[in-house]
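[1] I'll drop the sequence and a predicted model, then ask my questions.
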Amino acid sequence: MTESSRQAARVAPPRTVTALVRALEDPGRGPLLAALLAARARPVEAGPGPDGRAAQTLALLADSFLERLASCGVRPVHRPGERLCVPARELARRYEYHGAPLRPGERRKRVVVVAAGWTVGARLAVRPVVREATDEDGEAGGR
C-alpha cells in the first residue's frame, strides 16, 4: 500500500467510503464493481490486434482499481458463481435472496452467488445477491 493510499484510508470516514461503494454498485445505474470483478476474472485471450490489447488493458485497469479499493478496506464478500449453504437467519440478514421461500423447519438454503456484495472494513456495505441453487448448479459449499 502506498503512503497516499494509507492516508486516504485514514482520512476518508467509513460512511463516505460506504456511500461510494453503494453508489458504485447502484443497480439502477449498473453495478460497476461487479463489472470490474468480471473483467478481472475473465481469462484474457490476448490475441493479436487491438481487441486483445483492449482486453488486457481492461483487466489491468480493473485489477488496479480493485486493489486500490482493497487498500481502503473495500472488499468483495463472495465470488460470483460461488455455491454456498447458508443458515436461514443469515440468509435473511446478510443476503438479497431470490428463490423459493424457506419451508417450515428448513434451516439452511443452498444458493449461488449472483453479485459479490461488498464490505468496508468489517461493515457490510452492499449485501451479496444470491439465488436458490438448482440441481444443475452442483453441490453448495459448507458455509
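    That came through fine. Numbers count the residues shown, from 1 in each chain.

[2] which phi and psi does the residue nearest the centre of the chain have?
    Compute the mean C-alpha point of the chain, and by Cα atoms, centre = their mean the closest residue is Ala116, 2.3 Å away. Backbone dihedrals for Ala116, given as degrees, to the nearest 10, come out at phi -60, psi -40.

[3] Model confidence score at the residue nearest to it when sequence neighbours are not counted, please.
    In space, and not counting its chain neighbours, Ala116 is closest to Pro76: 3.8 Å by Cβ to Cβ, 6 or more residues apart in numbering. In short, each C-beta sits where N, CA and C put it, glycine included. Predicted confidence (pLDDT) for Pro76: 96.

[4] what sits opposite Pro76 in the beta ladder?
    Trp118 (DSSP bridges).

[5] can you check Leu124 too?
    So, taking DSSP bridges as the rule, Leu124 has Thr119 as bridge partners.

[6] which residues does it contact?
    Each residue near Leu124 by Cβ atoms under 8 Å, 6 or more residues apart in numbering is listed here: Val77, Arg94, Gly117, Trp118.

[7] can you pull out the strands in the chain?
    Shown for the chain, the strands assigned by DSSP state E span residues 74-76, 83-87, 96-98, 108-115, 118-120, 123-126, 129-132.
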